[in-house]
Every structure is written in structure tokens, then in C-alpha cells.
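Asks: the following block contains a protein sequence and its predicted model.
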Amino acid sequence: MVCFFLSLQHLRKKNMFYTCGPNEAMVVSGCLRSPPVMIAGGRVFVLPCFQKIQRISLNILTLSVKSEKVYTRRGVPISVTGIAQMKIQGQNKEMLAAACQMFMGKSEGEIAQIALETLEGHQRAIIAHLTVEEIYRDRKKFSEEVFKVASSDLFNMGISVVSYTLKDVHDDQDYLHSLGKSRTAQVQKDARIGEAQFKRDAVIREAHAKQEKISAQHVNEIQMAMAQRDYELKKASYDIEVNTKKAESEMAYQLQVAKTKQLIEEEKMQVQVVERSQQIMLQQQEITRKEKELEAKVKKPAEATRYQIEKLAEAQRAQLIMEAEAEAESIRVSIKGDAEAFAVEAKGRAEAEQMAKKAEAFQQYKEGAMVDMLLEQLPLMAEEISRPLAQAQKITMISSGGTEVGAAKLTGEVLDIMTRLPATVEKLTGVNISQVRQPNQRSFWGVIIFVCLLLSHSSLFTIHSGLSLTMVASTLM
């Protein structure tokens, strides 16, 4: 590092190494420098005798741009003075190159003069396009117009306009003074009018203020009256509420006293109810005890007596049933025996008479003979008719004995069959056996009774207690 700095010092002593500050630019041209090298605020190595170095200032330039007696758009001559700040732009390579081409070797005064003349020309041109009033009243607009127009031309020269302001505007014809007078008069006029308007407005405002004051007083009085009314209403409402609360409190106290008395009475009644309940329980227990005692002393023996009586009644009933069945059986046997005896007697008598009177009967009674033959076949017919019933082992018929069902109904049916038998015989033979003479008719009814006895003898009927089968044949005989 020490050797490096020593070598740099040696080169500087030999005028081979050059530097410049930030407010200056260097241009190196010559051998091996095509195009030239432009450096703003830096260092560069230069070969003596072969290369050339030149410098250009980058300091800011302040210019006072004066335009004397320039006619405005309306032909009024005025003088305008403006202040401009400008400099050569070293950071922009194109602008620095343009400035080096135009101003290399020139001093700052020469560069400032060229820029001043250019800027003053643009200032005159802009004044000619505006009126005095526009320039005087809107200086900012004038400055912006000059800055905008001049910047484009100076940019091509490598110069940038930093700022521009309008310093002074005056004329020799007292135009601006007259304009000021008219303006002053206008201002004074406006002031007088404004003063009159102010006084008028003051009077109006004062009247309005008085009116508003009176209205405010009235409103205030109304509000005070309303507040007083609201106060009285609220006070009355509160008094009513307080009195109501007091009355409610007194009523609540009385009600609480009544409730307390009621609770005391209820408690007393409850005690009485409990006592009464205990008495009822004791009475119920006594009743239960007496019922059990009565049941043990009376009910149980009564039930035993009733049971004994029921059993005795059932035994007597069974005995009566057995006696009735025995009596019925004896009656049946007696009837059967009488019927068999009568049948044997009738058969014998009939057979005896048959042999003696058969011929005579046939000669005297043709119809009777036919009836006699028919009667001889009736037992066979009865036997054949009753054969299916005879095959039944037992027919049990139960009845109270007082209705037309059971054995009584069967007896009626048998009697009905016997009464319809003559009509059946007449339809089959053409002989009306009821018109036959008495001996044969008796023989016929004898045979009918015999058939009935045979039917009863076939063991088809079992007569229970309360039932009887009665055949009365004597009336029919």
C-alpha cells in the first residue's frame, strides 16, 4: 500500500495523474482517447505529450434578466426584471457532452452571458403574449411560462435552469400606478359599500338580535313555565306515588296481619284436623277390631252353618232325585208289565177269535177284513220304522216337566202320530178305519197301544227326575 501511494505521488509530480472536485469536470482527449473522456468530480491518468486535459466549471450561475420597455399584448411598454439560477449539468452525460462542445475554453462570464441573452429573449417573447394585468397579478404563472420555454433551449446547450422568479415589474407611463389608483378607488368604493353594508347588516343583525332576544326571552319564559308545569306534574305524580306506596304499605301491613291470623287459624285447624284424624284412625282401628271379633264370633259360625245347610240341601236334593228316578222307574216297569200283560191277553184273545170268526168276518165285512189284514202288518211296520232308533244305546232328554219340550213333547208327538194314522191308512188303502165296526176298531187301537209299548220296551228312553211319560189309552180304546 505504501508503494502504491508513493507511486501516485510520483505520477502527480510528473503531471501524469489529475483530479477534480464535484463542481468541475475534466475532458481528456488525444492518443488512446477517442472519443474524449469526460469526468465530473473524479480522477484520470494522462500521458504527457500524447494526451490533453481540459476543465469546465459546474458552478451555479445567478443571472439578472432585465427586459426594458417591452410592449405587452395591449401595447403597454413595461420593464421586467427576473432572477434565474442555472448551471452546466455534470451528471447527465449527454448534457455534459453538449456543454463541453459549446463552452469548452470559455470562462464562466462568457457562459453566463450566452445563457442570459437566451433567457432574456424568451422573457421578452412571453411578455409580448401577456397583458400587464396578467403579469402583475399572476407572477407565478409568468415565472412558470419563462422557466418552461427557456429550459428546453438551454437543455440543448447542456445547461439546466434550476429556478426562475419575477423580481420587478414597472413602467414609465404610470400605467401600473393608474391601475393601482383604479384598484385603490375600487377598493375604497368596495370599502365604503362594505362599510354601508356592514352598517346595514349591523342594524339588521341588531334587530334580529333584539328579535331573537325577545323570542329567546319568550321561549325561555315558555320553557320556564313548562318546567314549572312539569315540576308540578312530577311533584303531583310523586305525591300520588308516595301516597299510593304508603297506602299499599298500610294495606300490605294489614294484609300481612290478616295472613298471619289466617295462618294461625289454619295451624289451629290443622291441629284439630290431625287430632280428628287420629280419633278417626282410632275409631277405624276399633271398628276393625270389632269386625274381626264379630267375624270370629258370628260370621265364621254362620258360614259354617250355611255350608252345613247347603251340604244337607244338596244331599236332600240328591235323595229326592234318586227317589224320583226310582219312582219313575217303578212306574215305567209297572206300565210296561201291564202293557205286556194286556198285549199277551189281547194277542191270545185275538188269535182265538181269529180262527173262529175269520171266515165270517171276511164274508160279512170286506173292508173289515182288509183292515184286519192291515192291522196284522202294522206291528211289522212299526218294528221296521223303529229299528234305527232301537240301535241307539241311549237318548237323554232333560226338561222341567212343565213345558212342551223333552219327554212331554215326545209324548205329544207319539199321540199326534197315532191320531194321524187313520188318515194315512185311508190314503194308502182307501179304507176309512174310523168307520169300521167297533170290534175291528178296538182291535186296531189295541195294536197301536201294543206298538207304543214295544217302542217303550226298546230301552230307548231314560226319564230323569221331574219327567214322566204318560199314555192314556183308555179313552182311545
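Replies: That came in fine, so what should we check first?
Asks: please count neighbours and contacts with C-alpha atoms only from this point.
Replies: Noted.
Asks: kindly list the longest helix within the chain.
Replies: Across the chain, the longest stretch assigned as helix under DSSP state H is helix 175-294.
Asks: packing partners for the next helix or strand after that helix?
Replies: Note on helix 175-294: by DSSP states H and E, the next helix or strand toward the C-terminus is helix 300-364. The contact analysis (3 or more Cα pairs under 8 Å, 6 or more residues apart in numbering; DSSP states H and E) places helix 300-364 against helix 366-390, helix 438-457, strand 461-463.
Asks: the longest helix of the chain vs helix 300-364, what angle?
Replies: Calculated by axes from the mean of the first three to the mean of the last three Cα atoms, to 10 degrees, helix 175-294 forms an angle of 70 degrees with helix 300-364.
Asks: show me what helix 175-294 is packed against.
Replies: Secondary elements touching helix 175-294 (3+ Cα pairs under 8 Å, 6+ apart): none.
Asks: let me see the mean pLDDT of it.
Replies: Mean per-residue pLDDT for helix 175-294: 83.
Asks: try stretch 351-368
Replies: Averaged across stretch 351-368, pLDDT comes to 64.
Asks: endpoints of stretch 56-66, how far apart?
Replies: End-to-end distance for stretch 56-66: 27 Å, by Cα to Cα, to the nearest Å.
Asks: neighbouring contacts of it?
Replies: With Cα atoms under 8 Å, 6 or more residues apart in numbering as the test, stretch 56-66 has contacts from 22-26, 79-90, 100, 103-105, 108, 112, 116, 119-120.
Asks: now it: buried residues?
Replies: 56, 57, 58, 60, 61, 62, 63, 64, 65, 66 (16 or more other Cα atoms under 10 Å).
Asks: pLDDT on it, on average?
Replies: On average, stretch 56-66 scores 85.
Asks: sketch out the strands for the stretch 51-200 of the chain, chain order is fine.
Replies: If DSSP state E, counting those that start in this stretch is used as the criterion, the strands of the stretch 51-200 of the chain fall at 51-57, 61-71, 77-88, 159-170.
Asks: any chance of those in CSV, plus distance to residue 129?
Replies: Converted to CSV, the strands of the stretch 51-200 of the chain look like this (distance: least, Cα to Cα, whole Å):
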stretch, distance to residue 129
strand 51-57, 35
strand 61-71, 9
strand 77-88, 13
strand 159-170, 15
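Asks: and those strands: which comes nearest residue 349?
Replies: strand 159-170 (190.3 Å; Cα to Cα).
Asks: just checking, what packs against that closest one?
Replies: The contact analysis (3+ Cα pairs under 8 Å, 6+ apart) places strand 159-170 against strand 77-88, helix 139-156.
Asks: hmm, 10 Å instead?
Replies: Counting contacts by 3 or more Cα pairs under 10 Å, 6 or more residues apart in numbering; DSSP states H and E, strand 159-170 packs against strand 61-71, strand 77-88, helix 93-103, helix 108-128, helix 132-137, helix 139-156, helix 175-294.
Asks: got the buried residues for the shortest one?
Replies: Buried residues in helix 132-137, counted by 16+ other Cα under 10 Å: 132, 135.
Asks: give the rounded mean pLDDT of it.
Replies: 80.
Asks: what packs against that helix?
Replies: Helix 132-137 packs on strand 77-88, helix 108-128, helix 139-156, strand 159-170, helix 175-294, going by 3+ Cα pairs under 10 Å, 6+ apart.
Asks: and for that helix, what's in contact with it?
Replies: Helix 132-137 has contacts (Cα atoms under 10 Å, 6 or more residues apart in numbering) with 71-78, 80, 126-127, 131, 138-139, 141-143, 166, 168-171, 175-176, 179.
Asks: tell me how the protein divides into domains.
Replies: Structurally, the chain divides into domains by automatic domain parsing as follows: 16-55, 59-173, 365-463.
Asks: which one of those domains has the lowest average pLDDT?
Replies: Among these, domain 365-463 carries the lowest mean pLDDT (a mean of 58).
Asks: what's the neighbour count on residue 290?
Replies: Using other Cα atoms under 10 Å, residue 290 is surrounded by 12 other residues.
Asks: pull the contacting residues for it.
Replies: Applying Cα under 10 Å, 6+ apart, the residues contacting residue 290 are 284, 296.
Asks: can you check residue 26 too?
Replies: By Cα under 10 Å, 6+ apart, the contact list for residue 26 reads 18-20, 36-44, 53-57, 100.
Asks: and these, which of them are buried?
Replies: For the contacts of residue 26, a burial check counting by 16+ other Cα under 10 Å picks out 36, 38, 39, 40, 41, 44, 53, 55, 56, 57, 100.
Asks: the third one contacts residue 45, doesn't it?
Replies: This points to residue 39. No. Look at residue 39 against residue 45 with Cα atoms under 10 Å: they stay out of range, at 11.4 Å.
Asks: and for the two, which residues touch both?
Replies: 19, 28.
Asks: dump the C-alpha coordinates for stretch 129-141 into PDB.
Replies: The C-alpha trace of stretch 129-141 is given here as PDB (Å, rounded to 0.1, in the frame of the first residue of the first chain):
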ATOM      1  CA  HIS A 129     -48.000  37.500 -25.300                       C
ATOM      2  CA  LEU A 130     -49.400  38.600 -21.900                       C
ATOM      3  CA  THR A 131     -51.100  41.700 -20.600                       C
ATOM      4  CA  VAL A 132     -49.800  44.000 -17.800                       C
ATOM      5  CA  GLU A 133     -52.600  42.800 -15.600                       C
ATOM      6  CA  GLU A 134     -51.800  39.100 -16.200                       C
ATOM      7  CA  ILE A 135     -48.100  39.700 -15.500                       C
ATOM      8  CA  TYR A 136     -48.700  41.900 -12.400                       C
ATOM      9  CA  ARG A 137     -51.500  39.900 -10.900                       C
ATOM     10  CA  ASP A 138     -50.200  36.300 -11.600                       C
ATOM     11  CA  ARG A 139     -46.400  36.400 -11.300                       C
ATOM     12  CA  LYS A 140     -46.300  32.700 -10.600                       C
ATOM     13  CA  LYS A 141     -47.800  31.900 -13.900                       C
END
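Asks: could I get stretch 339-356 in PDB with only the CA atoms?
Replies: Extracted C-alpha coordinates of stretch 339-356, given in PDB (Å, rounded to 0.1, in the frame of the first residue of the first chain):
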ATOM      1  CA  ALA A 339    -148.900-103.400  28.700                       C
ATOM      2  CA  GLU A 340    -147.200-106.700  28.200                       C
ATOM      3  CA  ALA A 341    -149.900-108.500  30.000                       C
ATOM      4  CA  PHE A 342    -152.600-106.700  28.100                       C
ATOM      5  CA  ALA A 343    -150.700-107.400  24.900                       C
ATOM      6  CA  VAL A 344    -150.500-111.100  25.700                       C
ATOM      7  CA  GLU A 345    -154.100-111.200  26.600                       C
ATOM      8  CA  ALA A 346    -155.100-109.300  23.500                       C
ATOM      9  CA  LYS A 347    -152.900-111.500  21.400                       C
ATOM     10  CA  GLY A 348    -154.400-114.600  22.800                       C
ATOM     11  CA  ARG A 349    -157.900-113.500  22.500                       C
ATOM     12  CA  ALA A 350    -157.300-112.200  19.000                       C
ATOM     13  CA  GLU A 351    -155.800-115.400  17.900                       C
ATOM     14  CA  ALA A 352    -158.700-117.400  19.400                       C
ATOM     15  CA  GLU A 353    -161.300-115.300  17.800                       C
ATOM     16  CA  GLN A 354    -159.300-115.200  14.600                       C
ATOM     17  CA  MET A 355    -159.600-118.800  13.900                       C
ATOM     18  CA  ALA A 356    -163.400-118.800  14.800                       C
END
